[in-house]
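K.L.:
Following is a predicted model, sequence given first.
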Amino acid sequence: MSQEGLREVEHDIAIDAPADAVYRLIAEVENWPRIFPPTIHVDRIEGGEGGAGEERIEIWATANGEPKNWTSRRILDPERARITFRQEVSTPPVAAMGGTWIVEPLSGATSRVRLLHDYRAVDDDPAGLKWIDEAVDRNSRSELAALKRNVELAHKSAELTFSFEDTVRIAGSVKDVYAFIDEAGLWVERLPHVASVRFSEDVPGLQVLEMDTRAKDGSTHTTKSYRVAFPHRRIAYKQVTLPALMTLHTGLWTFTERDGGVAATSQHTVVLNTDNIARVLGERASVADARQYVHSALSTNSRATLGHAKEYAERRVRA
C-alpha cells in the first residue's frame, strides 16, 4: 500500500500463446463476455479508434455473485503491450478502482499476463475493503484462468466456437416487440416452451433471469442469465448456468425499425463443451453433431419466442 486506505494487489498467469495475440484479446472489449466469466456485457462509449489511445467503456459484470455496472477509462498502449484502466464512476462499496494489464513475452509462443489493481473503499470502511479484496481476488483469478483457457483453446480449435442469428419481421411497434422480450417474468404465461421462471430487476436495466425450458425431445433444462436492457433497442445477456453441451453462451436481442415494422433478431455465440458430447449425444457423436444439435435447440427456442413476440405486437396493432 502506497498510502493509507489504498490497496495495491497483483495477479499473474503464464499463457501458451504469443503476447501479441493475448494483448489483442484483452484490448478488444467485445471479446470480454466470451473470455471473462464475471463479464456480462461491455459497451465502448467513445474513443478506441485504431486500437490505441484513450477510450471510455461501460461494463456490466458480477462481483461476489452480484451484478454490478460501472464506467471506466482505458489507455491502450499496443507498443508496450499495456492497458491502463480507471473506473470513472464506481459502485459502492468501491470508492475508487484502477489498474493495469501488462502482457510480457516469455518466448515466441508463450507470454505472461500481469493484472494490477489499486482501490479503496467508501469512507475507508474495513468491511467494505474486505468485500472488495475478496471480489478483486476472485475475479482476477477467474479472469486470468479464463483468459488462459480461452486463448489456448482458440489456438487449438476454432470449430468449438460459433455464432448465428435468427430474424423475424414484425408488422408492429418496436416498443411492443421490445416489451415482450424485456418482460421475461411473464414468459411462463406467454411461451409454451418455458416451464417456469424466476426473474428480478433490482437495478433498472440489469436483470437476472432463471428459467426451466422444454427442449424438442421433451427434456427440461435450467438456465440462469444476467441481462442488460437498452430500452427499445437491444437486450444483451450471458448465461451463467448452462446446458451440458456448452461452456459459454452469450446472446443479443436487437430491435430495428424497418419499412413501417420491426426486424427482431436473436443472436447467439456458443463454445461447445466437448467433455459432454458422448454422454449427451452418444459415443459416435462428433463436434459437428454437437454444433448442429446446439444450433437447432437454440434457434428453435429463439424463433418460437420471436414468433410469439410477433403475435403479441401485431395483435396490439390490430386492437
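P.N.:
Structure's in. What do you need? Numbering: from 1, shown residues only.
K.L.:
From the chain's centroid, how far away is stretch 62-77?
P.N.:
Chain-centre distance of stretch 62-77: 12 Å, with Cα atoms, centre = their mean, to the nearest Å.
K.L.:
what about the stretch 1-150 of the chain, any weak spots by pLDDT?
P.N.:
Low-confidence segments of the stretch 1-150 of the chain (pLDDT under 70): 1-4, 49-50.
K.L.:
Run through the helices of it in chain order.
P.N.:
Under the criterion DSSP state H, counting those that start in this stretch, the stretch 1-150 of the chain contains helices at 19-27, 32-35, 126-156.
K.L.:
what's the most buried one of the ones you listed?
P.N.:
Counting by mean count of other Cβ atoms under 10 Å, helix 32-35 has the highest mean neighbour count of the helices of the stretch 1-150 of the chain, with a mean of 22. In this view, the C-beta of every residue, glycine as well, is placed from N, C-alpha and C.
K.L.:
what's that one packed up against?
P.N.:
strand 39-47, helix 126-156, strand 246-258 (3 or more Cβ pairs under 8 Å, 6 or more residues apart in numbering; DSSP states H and E).
K.L.:
Ok, which of those comes nearest residue 179?
P.N.:
With Cβ to Cβ as the measure, strand 246-258 is the member of those nearest residue 179 (10.0 Å).
K.L.:
hmm, who's touching that closest one?
P.N.:
Strand 246-258 is contacted from outside by 33-34, 161, 169, 174, 177-178, 181, 232-239, 242, 262-273, 294, 298, using Cβ atoms under 8 Å, 6 or more residues apart in numbering.
K.L.:
Going by neighbour count, list what's buried in that strand.
P.N.:
Buried residues in strand 246-258, counting neighbours by 16 or more other Cβ atoms under 10 Å, are found at 246, 247, 248, 249, 250, 251, 252, 253, 254, 255.
K.L.:
ok, now stretch 223-233?
P.N.:
By 16+ other Cβ under 10 Å, the buried positions in stretch 223-233 come out as 223, 225, 226, 227, 228, 229, 230, 232.
K.L.:
centre of the chain versus it, how much separation?
P.N.:
10 Å.
K.L.:
pLDDT of that stretch, averaged?
P.N.:
Averaging pLDDT along stretch 223-233 yields 96.
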